[in-house]
Each structure stands twice: as C-alpha cells, then as structure tokens.
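# model this:
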Amino acid sequence: MDRAPGLSVRLKLTLSYAAFLMLAGALLLAAVWVFLLRYVPDRALLVASGTSDNGVFPIRSNLLRVFAPRAAAVMAFLLVFGLAGGWLLAGRMLAPLTRVADAARLASTGSLSHRIRLPGRQDEFRELADAFDTMLARLEAHVAEQRRFAANASHELRTPLAISKALLDVARTDPDRDAREVIDRLHAVNARAIDLTEALLLLSRANQRSFTREDVDLSLIAEEATETLLPLAEKRGIGIETCGDVAPTVGSQALLLQLTMNLVQNAIVHNLPDQGTVWITTSARARTVVLTVENTGEKLAPQLVSTLTEPFQRGTERMHTDHAGVGLGLAIVKTITEAHGGTLTLTPRPAGGIRVTVELPAITAHTISGLDEEARHGRTARLRACRHQDPLPGSGPCPALLP
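Sure, this is the predicted structure:
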C-alpha cells in the first residue's frame, strides 16, 4: 500500500533540536523579564544630590526599545544555529542507521554476504548492527542450505524419472521384451519416487513447524515403531531389544513416530548382514527425555557420521541395499528434533555401528493427557522385564521384543 511521503527522521530531529533551543532562549528572555525588567519603573526618577546614587534611572519603555531588537536578533541566531547544528548532529547520530539501511537494501537484492561490522563502543546502534549481522549470517547459511537441498532434491527426483523414461523407450522399441519385467521395474522406480516426494513433504512440514502439539510418551512411540518394523528385522535376521522408562514430552505424535521409525529402520537396514542387533531405550531426566537407538554394523569414521544428517547423505554402501531409502531419513530426524526444541547426537560405536540420541524437553508424567492407563500397561507389559536393565550389548538378559 502506497503511503504519502513524510518528513525524514533527520529533518524531524533537526526541527526538534531547533525548537528546543528556541524554547530555551524564550525561557531565558522570560526570566530576564520576570526577574529584572518588571522592576524597572515606567517613569523617570530624579535622585537628589547628596545621596549615594546620582543621575536618572532608566525607564522601562526605553529599555524595551533597546532590548527587544537585540533579543529578536539573538532568537534568530538561535534558530539558525539550532537548524544547522541540529542537522549536523542528527546526521552524525543517524549514520549507523544509514549503514544498517544500506545493508538491508543489499540483502533485499539477494546479497547476503555483506556485513555492517559497526565500529565503536557497545551502544544501542552497535547492538542493532550486531544483531543484523547475526541475522544476515543465519539467512545466508539457511539460503545456502536450501539451495543445496533443492539441487540435491532435483537430482534425486530426476533419476527415477530418467529411469522410467528409459524403460518406456526400451519397451516401445522392443515389443518382444517381457512386459512384466518392465512393469515390475517401473513399479519399483515409481515407488521410490513416491517415497522421495513424501519424504520431501514431511521435511517441509517439519521445517515449517505447522503441527499440533500434544502430550506424548516416547516409550509408547518406541514400542509402536518397533512392532511395525519387526517383520523387516526378522527378514534380515536382526534382533531388537527395547527397554526404557516412561518418557513424557510435548509434540506431534505423528512426527515423533516418523522420527522413531526412521531411526529404527536405519538401524535395521544398515547393520551386520546376519546376527545384528538394535537397541532402543527411553529414559527421563530432570528436564529432558531421551530416546537412544544403537545398532551393530561396520565401523564408521567420525567425519562420516557428522555428515549423515545432511539431506541425501548416505553411509558406506547404502546405495546398494534393498532398503537404501531416499537419503532423507536422518535429515528428517534432525528437522523433527529441532522443531520440537530438542537435540540430536550421532556417535560411532567403537565395536561398529552407531548410537543416535534424541533429547527432547520433558513434562511431568501426571500431566500426560489422552493416554489410557490400562492400554498403556497392556501394551508395555512385554517391556517390564527389561525396563530397568542396561540395554548395552552383553549387559543383561533383556530379550528381543516379540509380537
């Protein structure tokens, strides 16, 4: 919406300085009148000889006639001095804001690398400039991450589309080719494209934090994820051990379930070829609740582990598995964790595999609403035997969770 142009801040400050100076001059003249001129007689007085005072006292009209022009000249000087001095002082005071405005103007054109770096002592303008520099740095990092993510997403989406086109071209040029084989391959490629699209939508939803928060229990979510993925673990010969305490927090039930599903599926898929193990634990601390997912597997370098939460980053030989995913599993986990005000930590295990720890803000157990206690105890009865045991490998008889 267009607005009518108004006075600049510098001009407003200049007029304010000049008006204040004129007011001070007027008050000074008023004080001269009140405390001096009002006591001057309005008629001439003759002083008799022989007294200590000789001569004629001045009369008020003569003093006013002489004083008024000079007072007006002083007021005019104060006005000019106030306007000029105010303009210079306002420009000097507003110079830092001009630098901030220039930086904002550059940022609006897409240049986020510019920094104000205002010199001088710490004052209000310096705090504003430093805060603006911090915002620019975060925006630059966020935009760079989004651009990198968009480029990777475009590449990942282009791959299944290119494969589908190639399969269709082959089927069109070779009518004798087995149609069932082409359909099966197209089905697999399209399923992967759908999975990638759904993962991108989920990642966008978590980034925008557009979800309803409710009281949830991470221990129940961990159990549900484990039961859902148990057939995949049995197919790959992976044992799952689930232990933990009630871990109440606030967040989205669906997103936290997706977070746990991603962690457990990654732990199952990227494990030893046979006789691997996954450990899932939940615990409650003073102010946080913790979900930990560990697995056996190949030894991973710390440098590689630190990059696994980046979108489309995969570990050793992940592209060659039948459940390689779309490279967004841990990126989604990181985004969901941050959207819930938590922290995500990845640590390589000395014996091989990885330990993933999700720490979220806790709430008191009695505030959890909407959870049926009878259903809670019925669903978690299989976990009671191992709930207070150390879930680390070789530490106790905590059995694999069975259906």
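# So which helix or strand of this protein has the lowest pLDDT on average?
Least confident helix or strand, the chain: helix 373-379 with a mean of 45, by mean pLDDT, DSSP states H and E.
# The stretch 201-350 of the chain: strands as residue ranges?
Assigned strands in the stretch 201-350 of the chain, in chain order: 214-217, 238-244, 248-251, 276-284, 288-295, 343-348 (criterion: DSSP state E, counting those that start in this stretch).
# Tell me where the stretch 251-400 of the chain has helices.
Taking DSSP state H, counting those that start in this stretch as the criterion, the stretch 251-400 of the chain contains helices spanning 253-269, 302-305, 329-339, 373-379.
# With respect to residue 36, which of the ones you listed lies nearest?
Smallest distance to residue 36 across the helices of the stretch 251-400 of the chain (Cβ to Cβ): 73.4 Å, for helix 329-339. C-betas here are computed from N, CA, C, even on glycine.
# Where does pLDDT dip in the stretch 151-300 of the chain?
152-153, 155-156, 159, 203, 205, 207-208, 210 (pLDDT under 70).
# how about 80 then?
By pLDDT under 80, the low-scoring segments of the stretch 151-300 of the chain are 151-161, 163, 167, 170-171, 174-179, 181-182, 188, 192-193, 195-211.
# still on that earlier bit, could you export the strands of the stretch 201-350 of the chain as JSON lines, including mean neighbour count and distance to residue 335?
Shown next, in JSON lines, are these (neighbours: other Cβ atoms under 10 Å; distance: least, Cβ to Cβ, whole Å):
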{"stretch": "strand 214-217", "mean neighbour count": "19", "distance to residue 335": "18"}
{"stretch": "strand 238-244", "mean neighbour count": "23", "distance to residue 335": "24"}
{"stretch": "strand 248-251", "mean neighbour count": "22", "distance to residue 335": "13"}
{"stretch": "strand 276-284", "mean neighbour count": "23", "distance to residue 335": "21"}
{"stretch": "strand 288-295", "mean neighbour count": "23", "distance to residue 335": "16"}
{"stretch": "strand 343-348", "mean neighbour count": "16", "distance to residue 335": "9"}
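# mind checking which of those is nearest residue 13?
strand 343-348 (46.8 Å).
# which residues sit in contact with residue 288?
342, 359-362 (Cβ atoms under 8 Å, 6 or more residues apart in numbering).
# Ignore what I typed, I meant residue 119.
Residue 119 sits next to no residue when contact means Cβ under 8 Å, 6+ apart.
# isn't there a helix covering it?
No. Assigned with DSSP: H, G, I helix; E, B strand; the rest coil, residue 119 falls outside any helix and is coil.
# For it, what are phi and psi?
Here is the backbone geometry of residue 119 (degrees, to the nearest 10): phi -80, psi 180.
# where's it relative to residue 100, distance?
With distances taken as Cβ to Cβ, to the nearest Å, residue 119 is found 14 Å from residue 100.
# go on, residue 147?
For residue 147 relative to residue 100 (Cβ to Cβ), the value is 26 Å.
# One more: residue 268?
Using Cβ to Cβ, residue 268 is found at 52 Å from residue 100.
# more crowded one of the two?
Ranked by neighbour count (other Cβ atoms under 10 Å), residue 268 and residue 100 place residue 268 first, with 22 against 17.
# residues touching the more buried one, list them.
Going by Cβ under 8 Å, 6+ apart, residue 268 touches 229, 232-233, 236, 238, 240, 276, 278, 295.
# In a markdown table: those, plus distance to residue 261.
Converted to a markdown table, these look like this (distance: Cβ to Cβ, whole Å):
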| residue | distance to residue 261 |
| --- | --- |
| 229 | 7 |
| 232 | 11 |
| 233 | 13 |
| 236 | 16 |
| 238 | 15 |
| 240 | 13 |
| 276 | 18 |
| 278 | 13 |
| 295 | 15 |
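# Out of the strands of the stretch 201-350 of the chain, flag the one nearest residue 86.
Nearest of the strands of the stretch 201-350 of the chain to residue 86, taken as Cβ to Cβ: strand 343-348 at 52.4 Å.
# Tell me which strands that closest one pairs with, and in which orientation.
Using DSSP bridges, strand 343-348 pairs in its sheet with strand 354-361 (antiparallel).
# could I get the partner strand in PDB with only the CA atoms?
Listed next in PDB are the C-alpha coordinates belonging to strand 354-361 (Å, rounded to 0.1, in the frame of the first residue of the first chain):
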ATOM      1  CA  ILE A 354      26.200 -46.000  15.500                       C
ATOM      2  CA  ARG A 355      24.500 -44.600  18.600                       C
ATOM      3  CA  VAL A 356      21.800 -42.000  17.900                       C
ATOM      4  CA  THR A 357      20.500 -39.900  20.800                       C
ATOM      5  CA  VAL A 358      17.400 -37.700  20.600                       C
ATOM      6  CA  GLU A 359      16.900 -35.400  23.600                       C
ATOM      7  CA  LEU A 360      13.600 -33.500  24.000                       C
ATOM      8  CA  PRO A 361      12.100 -31.300  26.600                       C
END
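# Give the rounded mean pLDDT of that strand.
Strand 354-361 shows a mean pLDDT of 94.
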